[in-house]
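> what's the 3D shape of this:
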Amino acid sequence: MKSDSRIYVAGHTGLVGSAIIRMLQRHDYSGLITSSSREWDLRRQDDVERFFHVNQPEYVFLAAAKVGGIGANNTYPGQFIYDNLMIQSNVIHAAHKSGVKKLVFLGSSCIYPKLCEQPIREEYLMTGSLEPTNDAYAVAKIAGIKMCQAYRTEYGLNAISVMPTNLYGPNDNFDLETSHVLPALIRKLEAGKNHGMSEEDGAAESSVTLWGDGSPRREFLHVDDLAEACLACMRSYDDPDPINVGTGEDIQISELAALIAEVVGFSGEIKWDTSKPNGTPRKVLSVDKIKSLGWSPQIDLRSGIESTYEWYKANACE
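Okay, the predicted model is just below:
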């Protein structure tokens, strides 16, 4: 990519898309293209094809998606599979038709089997059953990988698939009904602290009840690190197989909750609702392939949580 190349970031207002925009601006790319959902519905083929015809992007970061945590995925599987299949199919097809030079498709680590050997290598895709609480979303993302491969084979479209681990950072979704685990914990524990401070004399803090039993292990990557990895892949990765992006390190959810409680200043009791699902027992990615491109994460988990918490207080706290 040249500094003035026409670069389309689909989903530019979301967690990933906004991080990619910030990253490209830091690297002095000037030809950035975005699409407002008020004008262009990426689920509609006509809208997408008109957008590509009008704007003629040369490079595409496909970060637009319907995303959510375990509760949202389990409650709205129809919306998750429909919206994601339509968005990615329309954008990939339009990229092919308009002669895009390269496309980066953003997937998810949930594409891998529930009971997968750890750390998870890219070749483990489709070697076992998916986690049932988010299998509709996972199937859509797997279809995106396969579509990129098929369009590469049949039409020569240079489309690659990047599979990030659990992400967090500025512009995350803190809605308790639809958010992922880390922003949900920030909001719940901050609310618990504030509730406790409102008690008589400010002496008693409330308890906070969290889903599951706290035993699953998860890996977390700051979205700004992901954005840099996406640029490294756009510049240097041309393999049809997906490439993982993560830290290669995981943490137990109960430990994550304790860390976030420390950051936000919550000292009340953390309880666990074991009637709620845990999801996949453990999920940590093998990141040998992405590190071979010279990329490595720069933001440690505590620092990332602290900056995300500050962003939440300044921008999203109700």
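> only C-alpha atoms for contact and neighbour calcs from this point on.
OK.
> Sketch out the helices for this protein, chain order is fine.
15-26, 45-55, 70-75, 77-97, 135-155, 181-197, 223-236, 253-264, 288-291, 301-315 (DSSP state H).
> would a markdown table of those helices with mean pLDDT, distance to Arg121 and mean neighbour count be doable?
Shown next, in a markdown table, are the helices of the chain (pLDDT from 0 to 100; distance: least, C-alpha to C-alpha, whole Å; neighbours: other C-alpha atoms under 10 Å):
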| stretch | mean pLDDT | distance to Arg121 | mean neighbour count |
| --- | --- | --- | --- |
| helix 15-26 | 98 | 22 | 20 |
| helix 45-55 | 97 | 33 | 16 |
| helix 70-75 | 87 | 23 | 19 |
| helix 77-97 | 98 | 24 | 20 |
| helix 135-155 | 98 | 15 | 20 |
| helix 181-197 | 88 | 23 | 21 |
| helix 223-236 | 98 | 17 | 21 |
| helix 253-264 | 97 | 22 | 19 |
| helix 288-291 | 97 | 9 | 17 |
| helix 301-315 | 97 | 22 | 17 |
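> Tell me which of the ones you listed sits nearest to Thr274.
Closest approach to Thr274 among those (C-alpha to C-alpha): helix 253-264, 12.8 Å.
> one step back: mind putting the helices of the chain into TSV with distance to Lys276?
Below are the helices of the chain laid out as TSV (distance: least, C-alpha to C-alpha, whole Å):
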stretch	distance to Lys276
helix 15-26	26
helix 45-55	38
helix 70-75	9
helix 77-97	17
helix 135-155	17
helix 181-197	13
helix 223-236	27
helix 253-264	14
helix 288-291	34
helix 301-315	25
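> Mind checking the ones you listed for the one nearest to Leu210?
Here helix 181-197 is closest among these (C-alpha to C-alpha), at 8.0 Å.
> For Leu15, see how far away Ser179 is.
Per C-alpha to C-alpha, to the nearest Å, Ser179 is found 11 Å from Leu15.
> any residues in contact with both of those two?
Asn173 (C-alpha atoms under 8 Å, 6 or more residues apart in numbering).
> Val287: how many residues sit nearby?
22 (other C-alpha atoms under 10 Å).
> Pull the contacting residues for it.
121, 244-248.
> quick one: which of these is nearest Ser5?
Of all the contacts of Val287, Ser5 sits closest to Val245, with 24.9 Å by C-alpha to C-alpha.
> What residues does the closest residue to that closest one other than its chain neighbours make contact with?
Leaving aside its sequence neighbours, Val245 sits nearest to Pro164 (C-alpha to C-alpha, 6 or more residues apart in numbering; 4.5 Å). Contact analysis of Pro164 by C-alpha under 8 Å, 6+ apart lists 106-109, 226, 244-246.
> how about 10 Å then?
Going by C-alpha atoms under 10 Å, 6 or more residues apart in numbering, Pro164 touches 106-110, 219-221, 223, 226, 229-230, 243-247, 285, 287.
> Return the set of buried residues in stretch 55-66.
In terms of neighbour count (16 or more other C-alpha atoms under 10 Å), stretch 55-66 has its buried residues at 56-66.
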